[in-house]
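In: Okay, here's the prediction I keep looking at, along with the sequence it came from:
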Amino acid sequence: MTSTSPANLKTKQVACPTCKKMAAYDTNNPFRPFCSQRCKMIDLGDWANENYRIPDNKPTGLDDELD
């Protein structure tokens, strides 16, 4: 039998969504999935500037009117 202690486990690496640099995806990285505070803030800024949008697939002309 082999034991799986935390020391034997490899840290999962993921690509940072902002700069694509590989970053640790574990509790030791407070910025996960980002590699740094800088990349995390760049992503937050993109959301605030509405660079990321969820498309509205509602057909036009079917707006509910309040009467």
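Out: Thanks, I have it. Residues are numbered from 1 along each chain as shown.
In: from memory F34 sits against T18, does it?
Out: Yes. Using C-beta atoms under 8 Å, F34 is in contact with T18, at 6.2 Å. (Each C-beta comes from the backbone N, C-alpha and C, glycine too.)
In: Which neighbours do those two have in common?
Out: 40, 43 (C-beta atoms under 8 Å, 6 or more residues apart in numbering).
In: More neighbours: those two, which one.
Out: A direct count of neighbours by other C-beta atoms under 10 Å for F34 and T18 places F34 higher, at 22 against 17.
In: Let me see the contact set for the more buried one.
Out: 16-18, 23, 40, 43.
In: per-residue confidence at A7?
Out: With respect to pLDDT, A7 scores 55.
In: go on, L62?
Out: Predicted confidence (pLDDT) for L62: 59.
In: for F31, same thing?
Out: 95.
In: what about T11, how many residues close to it?
Out: 10.
In: same check, this time on C16
Out: 19.
In: Next, count neighbours for the nearest residue to it once chain neighbours are set aside.
Out: Nearest residue to C16, sequence neighbours excluded (C-beta to C-beta, 6 or more residues apart in numbering): C35, at 4.1 Å. As a burial measure, C35 scores 21 neighbours (other C-beta under 10 Å).
In: show me what contacts E50?
Out: Taking C-beta under 8 Å, 6+ apart, we find E50 in contact with no residue.
In: Please report phi then psi for it.
Out: phi 60, psi 30 (degrees, to the nearest 10).
In: From R32, how far out is it?
Out: Distance, E50 to R32, using C-beta to C-beta, to the nearest Å: 24 Å.
In: Identify the residues contacting the most centrally placed residue in the chain.
Out: Residue closest to the average C-alpha location in the chain (C-alpha atoms, centre = their mean): P33, at 5.8 Å. By C-beta under 8 Å, 6+ apart, P33 lies in contact with 14, 16-17, 23, 25.
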